[in-house]
Structures are given as structure tokens and as C-alpha cells.
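Undergrad: please work out how this folds:
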Amino acid sequence: MTEHEFPCKSSLLDASTDPASNEVRIYQLLKRLCITACPPIPRTASADVKQQQQQLIDFMFNHSLQQLTLGSRLPRTLADEGAVVRRVQKNLIQQKRDSTTALFSESVSKLDKRMKSPEMRYSLLSFLLRMMDDAITYHNSTIIPDLSSTLSIHKMGILSDINLSNVTSGISLGFDSTASTTMHQQSSRSISYKPEESHTSSVNNTRNRSNRNRNRSSPKRLDGLSWYMAPFSHLEYGPTWKICEQDLVRDLIFIFQGASGTHILWENTTHRFYFIEEIRLPTPIHCICMKLAELGKLYQKVNLFVTDNMKDPQKPGKPAELLVHAFKTALKDHLFEYYRFISVLDEKLHREAANPEEPPLLSLKRLMVWSYEPLQCFQMLSKVLDECYNLSGCKLMNKVYEFSRTGHPEHAILLNSILGKLFSPFKSVLDKWLYEGDLPNRAISQFFIMENQANLPSEDIWEKKYELLKDQVPSFISDELALKVMVTGKSINFLKEKCQEHKLDVIFNLVDTLKNAEDETFDSLIDGRVENRIREAYEQTCFYLLNVLKDKFHFYEHLKAMRRYLLLGQGDFIRMLMELLYDDLERDGKHILKHNLMTLMGDAVRATNARFDESYIIDQLDITLMPSTGGEKGWDIFSLFYHFKPGGPLICIFSMKVMISYLKIFNFIWRAQRTEFLLSKAWKNLQACDRKWAQSLDLGEVFHLSHKLISAMIHFTRQVHYYLSSEVLACSWEELQARLLKATDLDQLREAHQSFLTTVSTHCFVKIPSMTEEECYTDNELSIRHRGISDEVVKYISILDDLYVRCEAEKHRRHNFRLKANIGSRSGVIDVEEREERLKFHIAIEENISPNLRIISSALMRFLWGFVRGLKGHRNPNMRLFATRLDFNGFFQRFDPDAD
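TA: Got it, this is the predicted structure:
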């Protein structure tokens with residue numbers, strides 16, 4: 001072949017050109033490949049030799065074209081191009097062609113550099129491998145020795161009527177379905193699958209070839225199901241394929257059971273079936289066998305999972321948990337059906353062996369048809385196992401349910417049967433939880449409710465003992481229904497452990513309910529019957545629990561008592577308590593004794609309407625004193641407290657964390673009440689002293705300043721008291737009562753109470769966990785300013801007390817002076833000494849009282865304006881309205897240091 005016969009770069013395939021021109025180039029390249037591969041002959045050869053060489057080239061071209069066309073539709077039998085390269089190298093080494101092996105390796109390296117597409121490289125190498133396999137197959141035939149008698153295309157039965165137009169229309173990138181069908185039928189007719197003796201006479205071979213040539217002119221078409229049911233007996237074997245169809249069928253039945261056959265073996269390392277090296281089948285027959293062998297591979301996978309000693313895959317050595325065991329049982333049922341299918345095939349195989357004269361009952365095509373449904377079944381089961389192998393509990397059930405909702409009706413029937421098996425243990429665990437409040441040991445951490453095995457304090461039993469695992473909740477159970485399931489079981493467990501209620505089966509009619517639920521299946525869960533039963537159990541259980549808390553443990557009475565005493569709603573009791581404790585709380589905190597205060601509190605209870613409360617409420621009322629660090633008065637460390645039985649059920653609602661919030665709210669309201677109490681007493685004293693001493697002692701200016709300050713203070717404290725009592729506590733309490741009436745379970749009851757506590761805490765400037773950093777800073781500043789106002793009020797009261805003492809002393813001195821001077825005989829005469837004494841009194845008032853009042857007035861106004869300004873910028877609109885009511889006329893704004 002000369003140099004110009006090889007394709008140049010311009011003749012290579014180009015994706016941008018017309019597909020028809022590409023087809024012509026493919027034809028040209030394939031033709032040149034056959035010419036290059038054909039053994040050269042001398043130029044002086046005879047015409048017969050040249051004709052034989054041309055026939056050989058035509059044979060190679062047509063056979064290559066057939067392999068190229070069929071190969072585009074065949075599945076990959078090898079994993080990647082590396083496997084193809086190793087297979088070719090192995091064949092070359094077996095033929096002891098070392099130089100060719102080295103040349104092939106070098107060509108592969110160049111191919112990797114020049115051809116970037118992995119698919120194109122794989123296709124090219126696969127084509128070369130098929131050509132090599134065919135060459136090995138026909139190696140011992142009479143093709144090469146006797147070209148004149150064996151290389152006739154018509155005699156070999158290979159594409160005798162292919163011309164250029166057929167070639168260019170059949171190898172385009174979009175292969176025509178009609179052309180592919182024709183090519184498949186031709187390839188099927190060119191290969192026989194009927195067992196024959198390898199040593200037959202040439203006369204019989206010639207007769208068989210001539211018969212095939214006559215039959216080729218009018219082939220019999222096999223359409224539809226008849227083509228699949230027809231055996232391969234109308235086809236012939238190649239001369240080296242010493243295996244009949246029945247042997248393959250017998251091997252495939254063994255493979256269906258996961259065992260190796262005589263000619264098809266199992267490889268443990270790669271987990272696949274393969275033919276022994278002596279067997280070489282045509283590619284279509286090989287693909288059919290491998291497709292059928294897939295059923296055996298999938299059966300092995302499913303059977304291995306089922307027969308794994310029923311152990312938990314996540315915990316080797318331990319029995320599988322309930323749903324995993326049920327899943328394996330469901331797979332076993334499908335394996336039993338598969339065993340029946342195998343037994344039918346085996347029975348037909350034995351009948352066929354017992355009656356060899358009758359037509360065969362089994363064939364590869366019949367196996368393809370009969371194994372379609374089992375193959376589809378095991379393919380789906382294999383996909384489910386891939387996703388569910390390491391899953392257990394409700395996650396396993398959830399994943400199977402997801403597969404059943406793909407829309408495939410046959411898959412839905414298969415997986416719904418598995419779900420039916422899974423539902424039985426799931427239902428048993430669900431019923432035990434709904435009606436007994438308990439989880440079986442094997443269901444712990446496998447159900448969508450998990451039990452905390454730690455030793456929890458009594459106040460955390462309801463909240464932390466059981467947890468809802470949202471990632472394990474099955475898809476067919478809504479989040480709302482899953483929450484009801486958890487609350488129902490928690491309520492029963494709470495009734496037994498904390499409320500000491502054990503005869504619950506009588507209340508819920510447990511026996512009748514479970515008897516009616518015996519016939520429930522997975523379909524009943526989908527159609528709503530199980531959901532209705534869950535809702536009924538939820539309503540009955542939670543209703544009974546709330547009634548027990550209300551009637552047996554007096555929840556509502558205790559809640560109202562805390563409203564009256566800790567939130568200072570019992571006005572007469574709080575007023576009496578302040579009056580009785582006033583002298584003791586004015587002392588230093590280190591010198592206050594709790595038992596003295598408890599005695600006085602008992603007197604306040606007996607002197608007010610609190611004496612009509614039940615004994616179980618008064619007994620819970622207590623006094624607590626905060627640790628004193630020095631300098632604090634009794635007012636700063638005093639608090640009322642309300643005790644609950646440590647092991648009782650109410651401790652889960654009124655936990656220590658909740659009681660600390662109550663203490664913080666009490667301290668804020670107590671400080672406001674104390675300020676109002678002190679100002680009320682100071683105002684009465686100021687009015688009396690004003691009438692007695694303002695004119696007589698010439699102190700009108702001082703008392704006027706005192707009146708201005710106390711008026712501002714009383715306005716502030718009364719607005720705070722009204723806001724807390726009427727707008728915060730009263731409104732929040734009404735909202736709490738409404739929510740408690742609507743509460744259907746303990747969670748909703750706790751949530752309503754916590755919401756009430758949060759609302760009151762926010763308006764009392766108590767820090768709560770849900771606050772942001774900026775909100776905490778704002779409330780902390782307001783709390784500091786409110787405390788500063790209370791401190792200034794206390795200082796103001798002390799200055800007034802000093803003023804009263806000085807005035808009383810001066811009044812007594814002047815009274816004594818009148819008695820000594822005999823004012824009756826010297827009426828209106830005041831000596832110089834008396835004038836000096838009065839002047840000293842006024843100077844003392846101007847130096848000690850008036851400056852302090854002005855200082856307190858300035859500090860108080862700054863605190864009041866800072867408090868009002870903080871309220872105006874608060875996030876809560878009610879707070880902003882409260883600021884408007886405090887400074888309705890802009891009086892406090894005049895003390896803004898930033899104002900003009």
C-alpha cells in the first residue's frame with residue numbers, strides 16, 4: 001500500500017461537517033483498514049490469487065462492518081478500557097507474539113494522547129478485541145488454506161447483499177431501528193446454536209451450507225412473543241463451540257440458585273459470573289447468558305442479607321432489632337416464591353432429560369421471558385438493600401416507603417407487601433407506647449421516640465426523659481401526629497411515675513381498643529384508621545392527665561396563689577406585710593432573722609383575707625433572704641417564696657428555673673410597691689409638717705421644693721403601679737386563663753404558663769434567654785434607672801426625716817423660750833440671743849437640707865428622663881405608650897442634657 005492510501009488529517013471525522021460525509025469517511029477508513037491488514041502478495045501473482053485476495057478483503061470488510069454495527073448496541077462486558085487493553089495483551093501473549101504486543105502497547109499510548117474522549121477510545125479498543133476473538137474462533141477453519149472454496153461471501157452467509165448505500169445508511173451515529181433489526185436477524189441467521197458433532201464429514205457440511213443458502217433467500221420471520229419463545233435450534237454452532245443450548249440452560253438454573261455451573265463459574269473477588277476459557281459464544285448469546293446470570297447475582301445478594309444469622313448489622317453479635325428482623329422475614333417470603341420458580345424450572349429440566357425425543361421444554365429465550373418478573377423483583381430488592389443495609393428502626397421503614405411511592409405499580413405491590421411485614425412490629429411498639437407509656441428494650445433507639453436513660457431530676461422528667469427523633473419519623477406520619485404520639489406515651493408514663501395513677505386500662509378500655517386494632521394493616525395506617533385511634537388515645541390520655549393535675553394536685557389553685565402572693569396581687573396582705581416588716585427591713589441585712597419575719601408574715605395572713613385560703617396554699621408560702629454582702633438593708637434581700645413538693649408532678653411545671661423568674665419579677669414589683677409605700681407615708685407626714693411648721697418656722701421655700709419633688713415621685717410610682725397591675729399583670733393573666741382553657745395536653749399548659757411568665761418578665765425588665773444582646777442592654781439600663789429612682793426616693797425620705805427632726809427640735813426650743821420669757825408681760829419682745837438662735841436654725845436648713853433637696857431633685861430628674869427616654873425607644877409598643885403617659889406634657893424632657 002502506498003503512502004497516499006492512508007487517510008490524512010483532512011479526511012478524519014469532523015463533527016462540524018455533514019453526517020452523510022462522515023459516513024462515507026467511515027466506510028473509506030474501514031476499507032483501508034482491511035486492505036492494510038490483508039497479507040500482501042507479489043505483483044507477479046496470478047489473476048486467481050489476486051481474486052482470492054480481493055475476496056478475502058471483501059470478507060474482512062463485511063465482517064468488520066457487522067461487528068462495528070452490532071457493537072454499537074451491545075452492553076459493556078468489561079469495566080473500562082484498561083480491562084480491554086489487558087484482554088488484548090493476554091491474547092497476544094498466549095499466541096507468543098511479543099513484537100506485536102510491544103507494538104500494541106506503544107499504539108495504545110499514542111491513542112491516549114491523541115484521542116481525548118474515553119468513550120471513543122473504549123469503542124475502538126472493543127472493536128479490535130471483537131475482531132481478535134473472531135480471528136481466534138476461525139483459526140482452525142479452512143478460511144486461510146482454501147480461499148477459493150471457503151471465502152465466498154454467499155457460502156459463508158455474511159452480508160452478501162451489502163453495498164455502499166446500505167453501509168452509509170446503516171452506520172450513522174443515529175442508528176436506524178429498521179436497519180438494526182435487519183442486521184440482528186442476519187447476524188442471528190449466520191450463527192447456529194444447535195448442538196452438533198465436531199467431527200462431521202465435508203459432504204454433510206457442504207449439504208448444510210447449501211441448505212442454508214436456499215433458506216436464506218426466503219427466511220422465516222419470528223415476530224412478537226413467538227421470536228422469544230422459539231429456541232435457538234434453528235441456528236448453527238461455530239466449529240469450536242462445543243456446548244449445546246440445553247447445557248447452558250442447565251448451568252443457568254444452577255446460577256439462578258447462586259451456585260456455579262459447569263461452564264459458567266462465580267468469581268468471589270469481582271463478584272460476577274464468567275465463562276470458562278474453552279467456551280467462546282457469539283456476542284448476542286453471551287449477552288443473553290450474562291443478563292440471565294444477573295438474576296443469580298441479585299439472588300446471592302438478597303439471600304446473603306437474609307441469612308446473615310439475623311444479626312444487627314450495626315451491632316455485630318447482637319440480635320437484629322424488631323423492624324430489621326421483620327424486613328428479613330419479608331425478604332424470606334419473596335425468596336420462597338423464587339424457590340417455587342426454580343423448582344418449576346428444575347422439574348421441566350428433569351422431564352426434558354427423561355424424554356429426549358420430545359421437543360425441548362426450556363430454552364434461553366423462554367428463560368428470558370419467564371425470568372423477567374423475578375429479575376424485576378430482585379433488581380428492586382437490590383436497590384432497596386443498597387439504601388437500607390445500614391438502616392434500622394423507623395429509618396428503614398421510611399426508606400422502604402419512599403421506594404414504594406415511585407409510581408411503578410408492580411414495585412408498589414412488592415414493597416407494600418414488605419411494608420405490611422414491617423408494620424406488624426411497628427404497630428406492636430406503637431400500641432405499647434400509646435396505651436402503656438413504655439418502650440420495649442429492643443425498640444429503644446429504634447423507634448422515632450428515644451428514652452433518656454440518665455438519672456434525671458424530678459423537674460426535668462417531662463421535658464427531657466423522652467425525645468422525638470424527627471429524622472426517624474416515617475414519611476406516612478405527619479409531624480403533628482408524631483408529636484401527639486409522643487405526648488400520649490409521655491402522659492401515661494407521667495401519670496404512673498409522678499401522679500401514682502396505675503389503673504389506666506379501666507379508663508381507656510384498653511382491652512376493647514386493642515381487640516379492635518388487631519386486624520389493622522399498613523393500609524389502615526394510610527387510610528386514616530390508625531390516625532383516628534392515635535388521636536382518640538391522645539385526647540383521652542391528656543384530658544385525664546389535666547383533670548388529675550386540676551383535681552388531685554390543685555394546679556389552678558396554686559397558680560392563683562402565686563399570682564396573689566409572688567406577683568403581689570393580694571393588696572391587703574402586701575400592705576399589711578409591709579407595715580409589719582417595715583421596722584425589721586429598715587435594719588442592716590446581716591441582722592435580720594428569718595423566723596422573726598415568718599412570725600410577722602403569719603400575723604399578716606391572719607389579719608387579712610389571706611386567712612381564707614386553703615391550708616395547702618398557706619403552708620407553701622415562705623420567706624427567703626438573699627445572701628448579704630454588706631451594706632444592704634432588709635428591703636434588698638427580702639423575698640416571698642412558694643414551695644412545691646420535690647417529687648410531685650407540679651414541679652415539672654414550676655421548676656426551679658421558673659421559680660427564679662418569679663423571684664426576679666417579685667423583686668421588681670416589691671421595689672415599686674416599697675417606693676409607693678414610702679412616698680405615701682412621706683406625703684402624709686409632709687402635709688402635716690407643712691401645716692405645723694412652714695409658716696411658724698418660716699420654711700415655706702423648703703417645703704415648696706419638697707412638695708414639687710414628692711409630686712413628681714408620686715406621679716411616677718402611681719403610673720408604674722397602674723401599668724404593672726392593670727396593663728401587664730391583669731391582661732397577661734386573662735390571656736393565660738384563656739390559653740389554659742384551650743390547652744389539650746401538658747405541653748400546651750406549660751407553654752401557656754411560660755408565655756405568661758415571659759411577657760411579665762419582659763415588662764419588668766427581667767432578662768430572658770430569647771433576648772438579643774441589644775435588648776438585654778436596653779432592659780438592663782431601664783432596670784438600673786428604675787433602681788436609681790427608688791434609691792433617690794429613699795434618700796429623699798431620709799432628708800425629710802432630718803428636716804422633721806430639726807423642725808421638731810426648733811419648735812420645742814421656741815416653746816421653752818416663750819415659757820421662760822413670760823411672754824404675757826413682754827408680749828412680742830424677742831431678745832438678741834433668740835434672734836441668733838433662729839438665725840442659726842435657718843442657716844442649718846439652708847446648708848444641710850436645701851442643697852441636698854436640690855441635688856436629689858437634679859439626680860431624680862435625670863433618672864426619670866433617662867427612664868422615659870429608654871421607654872420611648874423600646875421595641876415593645878406598650879412600653880412606648882407607657883413613656884407617653886409618664887411624660888404626657890414634656891415635663892421630664894426639659895431635663896435632657898442634650899436638649900437646647
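
Undergrad: at which residues are the helices of the stretch 751-900 of the chain located?
TA: With DSSP state H, counting those that start in this stretch, the ranges of helices along the stretch 751-900 of the chain come out as 773-821, 832-844, 850-872, 877-886.

Undergrad: can you mark which positions in the second one are buried?
TA: Spelled out, that is helix 832-844. R838, F841 (16 or more other C-beta atoms under 10 Å). C-beta coordinates here come from the backbone N, C-alpha and C atoms, glycine included.

Undergrad: same question, the last one
TA: The neighbour-count check on helix 877-886 (16+ other C-beta under 10 Å) flags M879, F882, A883, L886 as buried.

Undergrad: on contacts alone, who are the packing partners of that helix?
TA: helix 700-722, helix 850-872 (3 or more C-beta pairs under 8 Å, 6 or more residues apart in numbering; DSSP states H and E).

Undergrad: for the stretch 801-900 of the chain, give me the ranges with low pLDDT.
TA: Scanning the stretch 801-900 of the chain for pLDDT under 70 picks out 821-830, 898-900.

Undergrad: measure how far stretch 582-592 is from the centre of its chain, please.
TA: 58 Å (C-alpha atoms, centre = their mean, to the nearest Å).

Undergrad: check stretch 539-556 too.
TA: Taking mean C-alpha positions (C-alpha atoms, centre = their mean), stretch 539-556 and its chain are 34 Å apart.

Undergrad: give me the residues contacting it.
TA: The contact list for stretch 539-556 (C-beta atoms under 8 Å, 6 or more residues apart in numbering) reads 487-488, 491-492, 494-495, 499, 501, 504, 507-508, 614, 616, 648-650, 653, 740, 743-746, 749.

Undergrad: now do 7 Å
TA: 487-488, 491-492, 494-495, 499, 501, 507-508, 616, 648-650, 744-746, 749 (C-beta atoms under 7 Å, 6 or more residues apart in numbering).

Undergrad: cool, and stretch 35-46?
TA: Stretch 35-46 is contacted from outside by M1, V49, K50, Q53, L56, I57, M60, using C-beta under 7 Å, 6+ apart.

Undergrad: export it as CSV, just CAs?
TA: Extracted in CSV, the C-alpha atoms of stretch 35-46 (Å, rounded to 0.1, in the frame of the first residue of the first chain):
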residue,chain,number,x,y,z
ILE,A,35,-6.6,-3.6,2.9
THR,A,36,-3.8,-2.9,5.3
ALA,A,37,-4.5,-6.0,7.4
CYS,A,38,-4.6,-8.3,4.4
PRO,A,39,-1.4,-10.3,3.8
PRO,A,40,0.5,-8.8,0.8
ILE,A,41,1.0,-10.8,-2.5
PRO,A,42,3.7,-10.2,-5.1
ARG,A,43,2.9,-8.2,-8.1
THR,A,44,3.6,-11.2,-10.3
ALA,A,45,0.9,-13.2,-8.7
SER,A,46,-1.7,-14.8,-10.9
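
Undergrad: give the buried residues for it.
TA: I35, C38.

Undergrad: what does stretch 267-278 give?
TA: In stretch 267-278, counting by 16+ other C-beta under 10 Å, buried: F273, F275.

Undergrad: with stretch 532-552 instead?
TA: Those would be 533-535, 537-538, 540-542, 544-546, 548-549, for stretch 532-552 by 16+ other C-beta under 10 Å.

Undergrad: these in helices, which ones?
TA: 533-535, 537-538, 540-542, 544-546, 548-549 (DSSP state H).

Undergrad: of those residues, the lowest pLDDT goes to which?
TA: Among these, R533 has the lowest pLDDT, at 84.

Undergrad: now that residue: how far from L430?
TA: 9 Å (C-beta to C-beta, to the nearest Å).

Undergrad: V760 too?
TA: Counting by C-beta to C-beta, the gap from V760 to L430 is 40 Å.

Undergrad: hang on, the earlier thing: ranking the helices of the stretch 751-900 of the chain by burial, who's on top?
TA: helix 850-872 (a mean of 18; mean count of other C-beta atoms under 10 Å).

Undergrad: any idea whether M450 is helix, strand or coil?
TA: What DSSP: H, G, I helix; E, B strand; the rest coil gives for M450 is strand.

Undergrad: helix, strand or coil for the residue lying closest to it once chain neighbours are set aside?
TA: Leaving out its chain neighbours, the residue that sits closest to M450 by C-beta to C-beta, 6 or more residues apart in numbering is E467, at 5.0 Å. Secondary structure state of E467, per three-state DSSP, is strand.

Undergrad: just L640 next, same as before
TA: L640 is classified as strand under three-state DSSP.

Undergrad: kindly report the same for Y274.
TA: Criterion first, three-state DSSP; result for Y274: strand.

Undergrad: what residues are up against it?
TA: Counting by C-beta under 7 Å, 6+ apart, Y274 has contacts L265, E267.

Undergrad: partner residues bridging it?
TA: For Y274, the beta-bridge partners are L265 (DSSP bridges).

Undergrad: where's it relative to E781, distance?
TA: For Y274, the distance to E781 - C-beta to C-beta - is 82 Å.

Undergrad: could you do L663 as well?
TA: L663 is 21 Å from E781, by C-beta to C-beta.

Undergrad: ok, now H271?
TA: 72 Å.

Undergrad: ok, K50 next?
TA: On the measure of C-beta to C-beta, K50 and E781 end up 110 Å apart.

Undergrad: re earlier: what's the closest of the contacts of stretch 35-46 to D588?
TA: Using C-beta to C-beta, M60 comes nearest to D588 of the contacts of stretch 35-46, at 117.4 Å.

Undergrad: give me the neighbour count for the closest residue to H707 other than its chain neighbours.
TA: Using C-beta to C-beta, 6+ apart and skipping residues adjacent in sequence, the residue nearest H707 is L686, 6.9 Å away. For L686, the number of neighbouring residues by other C-beta atoms under 10 Å comes to 20.
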